[in-house]
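>>> Quick one, what's the 3D model for this:
(one chain, ligands or ions: 1)
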Amino acid sequence: MPETIHEVRDNQRYIVGDVEDVLPTLELNADVICLDDAWARPQRADWFGVEYETHDFSSGADSDGITTTDILDLCKDSLVEGGWLIADADDWLLPRLINYLRKDWGDVAASYDGGGYRRIGGVTFQTKAGEPDKSTPGMYLSNGGYPVVFAHKGETDRRTSVSARQITRQASFDGDWGSVKPIDPYQAWLAGLLNEGEHLVVPCAGTAPAAIAAEQLFGEDIQYTCIDKEPKALEMFKKRRDEVKLTDEGELSTFE
Ligand SMILES: C[S@@+](CC[C@H](N)C(=O)[O-])C[C@H]1O[C@@H](n2cnc3c(N)ncnc32)[C@H](O)[C@@H]1O
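Reported below is the predicted structural model:
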C-alpha cells in the first residue's frame, strides 16, 4: 500500500506506513528517536482497551510480524553516532527493554564508556491538587505514571542535566486514541538533547507528543518524521496539534 505523507512543513512530516518499511529509509539520519512502541504485554489489549496492532517483544515460535527488538534494531541503524533513544515503557517492558539494550547497544550505566543503556527516567502523574495520581488501574498499587528508558548510540557529546524524571498531569487530549502521553516531559528532554536544525524521529507515533514538543521548542527550525501505520493516528495527531494553543506570533505555545 502506498504510504501517505502529511507535510506539516517541508521538514516536518507524518508518514502513514509501517516502521519496518519507513525506518530503513532514514538510515543514519535521526539525532533523537522517541519510541512509544506498541509492545504486546500479555493481555494488554483486553485489559487496557488498546485497539491498534501490538507485537511481541522478540521473535519466538508463536510470533509473526515485526517485534520490539526488530524496531530497536531499526532505531539503532537510523540514529547518528551519539544520537539518543528515549523509550517509554511499563512494568512488563522495562526489564526486557533494558536487558536488550545492555546486550545489544552497550551498558554505559555500568561502564561510563562508549554508548548504550544510560538511565531509567520516568513520568510521574499528579492531580490538579498536586497529589500523586492514583487513577491508573491497579489493585496491587497503582502506576501513577510510567518508566522511560534513555540510551545513546556510541559515545555522545549531547549532555544535559535536565531530570530524566518528570512530574506532570495526565495528557489532556480530547481525542480517541490509546496510550496518549503528555507533551511537556518531551519538552524538557528534547530541550537538552536536540539542537536546532536536527532531526527527531517518532516511530509508532500515535498523536506524536514528542514532535509537538519539538515544534513548541524550535518552531520551524527542527526536522521531524513521525511514523504510524494507522491512518486514524495521523488524524489524531492533527487534532492534538490543533488543540495546542497558538501564541501571538502564530507559533505553537509552550504549554498544553
Ligand atoms: C503506544 S501507541 C503510541 C501513542 C503515542 N505515544 C501518543 O501519545 O499518542 C503505539 C502506536 O504504534 C502504532 N503501531 C503499531 N505497530 C506499528 C507498526 N508496525 N508500524 C508503525 N506504527 C505501528 C499503533 O498504531 C499506535 O498508534
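>>> in this structure, which spans are strands?
Taking DSSP state E, the strands of the chain run over residues 4-9, 12-16, 30-35, 79-88, 116-125, 145-152, 165-168, 199-203, 223-228.
>>> Could you export those strands as CSV, including mean neighbour count?
(C-beta placed from N, C-alpha, C; glycine too.) Output for the strands of the chain, formatted as CSV (neighbours: other C-beta atoms under 10 Å):
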stretch, mean neighbour count
strand 4-9, 13
strand 12-16, 21
strand 30-35, 26
strand 79-88, 22
strand 116-125, 19
strand 145-152, 23
strand 165-168, 18
strand 199-203, 26
strand 223-228, 26
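>>> Pipe these into JSON lines and attach mean pLDDT and distance to residue 64 per row.
Output for the strands of the chain, formatted as JSON lines (pLDDT from 0 to 100; distance: least, C-beta to C-beta, whole Å):
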{"stretch": "strand 4-9", "mean pLDDT": "96", "distance to residue 64": "25"}
{"stretch": "strand 12-16", "mean pLDDT": "97", "distance to residue 64": "22"}
{"stretch": "strand 30-35", "mean pLDDT": "98", "distance to residue 64": "21"}
{"stretch": "strand 79-88", "mean pLDDT": "98", "distance to residue 64": "23"}
{"stretch": "strand 116-125", "mean pLDDT": "97", "distance to residue 64": "28"}
{"stretch": "strand 145-152", "mean pLDDT": "97", "distance to residue 64": "26"}
{"stretch": "strand 165-168", "mean pLDDT": "97", "distance to residue 64": "36"}
{"stretch": "strand 199-203", "mean pLDDT": "98", "distance to residue 64": "19"}
{"stretch": "strand 223-228", "mean pLDDT": "97", "distance to residue 64": "20"}
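>>> Of these, which is nearest residue 187?
Between residue 187 and these, the shortest gap by C-beta to C-beta is with strand 165-168, which sits at 9.1 Å.
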